[in-house]
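Asks: the sequence and its predicted three-dimensional model are supplied below.
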Amino acid sequence: MADNVIAVRDVSKSFAGVHALKRVNLEIKPGEIHCLAGENGSGKSTLIKVISGVYTPDEGTIEFGGVPYSKVTPIEAIMNGVQVIYQDFSVFPNLTVMENLALNTELADKRKLVNWRRFRQIAEQAVAQINFQVDLDAKVGTLSVADKQLVAISRALMHDAKLIIMDEPTTALTKKEVDALFRIILDLKARGIATLFVSHKLEEVFEISERFTIIRNGEVVADCLPSELDRKKFSFFMTGREFEESHFTGVASTEPPVLEAVGLGLTGGFSDVSFALHRGEILGITGLLGSGRTELALTLFGAYTADAGELKVKDKTVHLKGVRSAIEAGIGYVPEDRLTEGLFLERSIADNIVISEIDDLTGFLGSMNAGRQRAEAGHWVDALKIATPNPDNAANTLSGGNQQRIVLAKWLATKPDILILNGPTVGVDIGSKHDIHQTLQKLAGEGMGIIIITDDIPEVLQNCNRVLLMRGGRIEAEIDPATTTEAELADLISREATEVAL
Ligand code: ADP
Ligand code: MG
């Protein structure tokens, strides 16, 4: 059937006893926007690597334009129009945009002398294909994530691509950048170029996908149209679990607040911020990027020092001077970007939980003996259901969802009274997301005061008993999740966007 760009037929692949793929079938038509969904560890990357010739399947065939191959080399995949954009984009940060774009082509042409005029021409053509406005002489390392991705897409299109595979392309993008990416994907479609993208963000995936393949434990469990799916079915196919969408109500506390901000301000970040957080509460803070929410989070954690107002912890005024004093005051902070702020990827899971920077900061965990450290790490691995055969394995052996659980465990090990989480489930699979939410609700139930900073609307409404809406560095409104729908909150946030634009 040559009307497919690619067909995967009954492909199986094992790694030392792990059946990563079991008789997987997948067909992609020219120009089709196809979503490959599945939880972490379900086999998505393995399937991509089989298609792109990185792995040889144990069984089954890959067809390009109707021609079956039982083994594909990376060069054959490229010759058949397959291009993969990996999560790290495989760009060279120290080289310019022009060099990144021209390098492969020049190397492929085996030109010995660098011809800068030709370099520039090649690069100009490449970015023009997607109307990407960029300084060709800028070092790629200085570009935003979205622009790095566009460099990778431009580069992929230089090779006469028929199918662009994107591994979780939206993870680090803002809503606006996602919209821009979707316009490019639609434009590619108009030119007959198919896109296979990996995602587990249902809201986004629905907007653009024409067909879904969902895999679980290496098996295709659904091959369907968007009209055949809704949030509940999608979650079920992904996880094999049925989820109750329960709302957290919290406990009305008569005690004094555990954390209180009175007229708190940070020049250039936010001003006049006042709120109280009680034990047992999960307080949501939402707003657009640039609303001051991240600056507020970092100030509450002592990474920035407020220059106006007062912050009280358990009714005592505190002057947070750095992260260490926040930790000493009983505040934990789960950062937005676990990969750069939260984890030492090469160190073991256990080390990340108990012997991380925290002990250097506070000293108290550092004085634990090795046995107690192991026990502590083991406790959190169990409590947060971190899926690892051995806590001594490096953190980078785990999926994103499990890495996020480590970051959470690391802070819970400091026994904070107050836990602040910034985007706690960004890039995390549905099952982990659900488990993280359950954990937070349980911790609040045990008396912790929790603040979640997020722009994930279902997350904020399901898990918080109160929500503060920020705009232009101020708290604009307090919202009651019990009486606010997702559409209403989305509307409130986007109405803000219009007002800001005016
Ligand atoms: P996903 O991309 O959906 O998160 P992967 O394809 O990376 O999933 O992994 C599927 C399964 O195969 C996992 O259990 C993973 O641990 C295993 N696996 C993947 N690559 C290898 C490898 N090179 N060696 C051993 N096991 C692997
Ligand atoms: Mg993967």
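Replies: Cool, got the structure. Keep in mind that what you see is a predicted model, and the values were worked out from it rather than measured. Residues are numbered from 1 along each chain as shown. Ligands and ions are numbered 1, 2, ... in the order given.
Asks: what does the residue positioned nearest the centre of the chain show for phi and psi?
Replies: Geometric centre of the chain, nearest residue: Gly427, 2.2 Å, by C-alpha atoms, centre = their mean. Main-chain torsions, Gly427, degrees, to the nearest 10: phi 70, psi 20.
Asks: how close does Leu440 sit to ligand 2?
Replies: Between Leu440 and ligand 2 the distance is 25 Å, computed by C-beta to the ion, to the nearest Å. Using the backbone N, CA and C atoms, a C-beta is placed for each residue, glycine as well.
Asks: residues contacting the residue nearest to the centre of the chain?
Replies: Taking C-beta atoms under 8 Å, 6 or more residues apart in numbering, we find Gly427 in contact with Glu168, Thr171, Ala172, Gly400, Gln404.
Asks: quick one: secondary structure of Gly280?
Replies: coil (DSSP: H, G, I helix; E, B strand; the rest coil).
Asks: helices of the stretch 51-200 of the chain, start to end?
Replies: Assigned by DSSP state H, counting those that start in this stretch, the helices in the stretch 51-200 of the chain fall at 74-79, 97-108, 116-128, 145-157, 175-190.
Asks: again, but for the stretch 351-500 of the chain
Replies: Counting by DSSP H, counting those that start in this stretch, the helices of the stretch 351-500 of the chain are 357-362, 370-383, 400-412, 430-445, 457-463, 486-501.
Asks: most packed of those helices?
Replies: Ranked by mean neighbour count, these are led by helix 400-412 with a mean of 25 (mean count of other C-beta atoms under 10 Å).
Asks: any idea how far that helix is from the middle of the chain?
Replies: 14 Å (C-alpha atoms, centre = their mean, to the nearest Å).
Asks: what packs against it?
Replies: Under the contact criterion of 3 or more C-beta pairs under 8 Å, 6 or more residues apart in numbering; DSSP states H and E, helix 400-412 touches strand 331-334, helix 349-354, helix 370-383, strand 418-422, helix 430-445.
Asks: follow-up on the earlier one: going by distance to Thr213, which of the contacts of Gly427 wins?
Replies: Nearest to Thr213 out of the contacts of Gly427 is Glu168 (C-beta to C-beta; 15.2 Å).
Asks: got the contact list for Ser291?
Replies: Met470, Arg471, Gly472, Gly473, Glu496.
Asks: hmm, which of the residues you listed is lowest in pLDDT?
Replies: Of all those, Glu496 has the smallest pLDDT value, namely 48.
Asks: coming back round to it: among the contacts of Ser291, which two are most distant?
Replies: Pairwise over the contacts of Ser291, using C-beta to C-beta, the maximum falls at Gly473 and Glu496, 12.3 Å.
Asks: now do the strands in the stretch 151-300 of the chain.
Replies: Along the stretch 151-300 of the chain, counting by DSSP state E, counting those that start in this stretch, strands occupy 163-167, 194-198, 211-216, 219-224, 259-266, 270-277, 282-286.
Asks: what pLDDT does the residue nearest to Ile6 when sequence neighbours are not counted get?
Replies: Of all residues not flanking Ile6 in the chain, Ile28 sits nearest, at 5.1 Å (C-beta to C-beta, 6 or more residues apart in numbering). At Ile28, the model reports a pLDDT of 97.
Asks: near ligand 2, which residues of the stretch 1-150 of the chain?
Replies: Lys44, Ser45 (C-beta under 5 Å from the ion).
Asks: could you list which residues are in contact with Gly38?
Replies: Neighbours of Gly38 in contact, by C-beta under 8 Å, 6+ apart: Lys44, Val198, His200, Ile214, Ile215, Arg216, Met238.
Asks: looking at those residues, which has the most residues close by?
Replies: His200 (29 neighbours; other C-beta atoms under 10 Å).
Asks: which residues does that one contact?
Replies: Applying C-beta under 8 Å, 6+ apart, the residues contacting His200 are Ala37, Gly38, Glu39, Glu168, Met238, Asp429, Ile430.
Asks: where does the prediction get shaky in the stretch 351-500 of the chain?
Replies: Along the stretch 351-500 of the chain, segments meeting pLDDT under 70 span 355-369, 495-500.
Asks: residue in it nearest to ligand 1?
Replies: Closest approach between the stretch 351-500 of the chain and ligand 1, counting by C-beta to the nearest ligand atom: Ser399, at 5.6 Å.
Asks: and that residue, how far from Arg405?
Replies: Distance, Ser399 to Arg405, using C-beta to C-beta, to the nearest Å: 10 Å.
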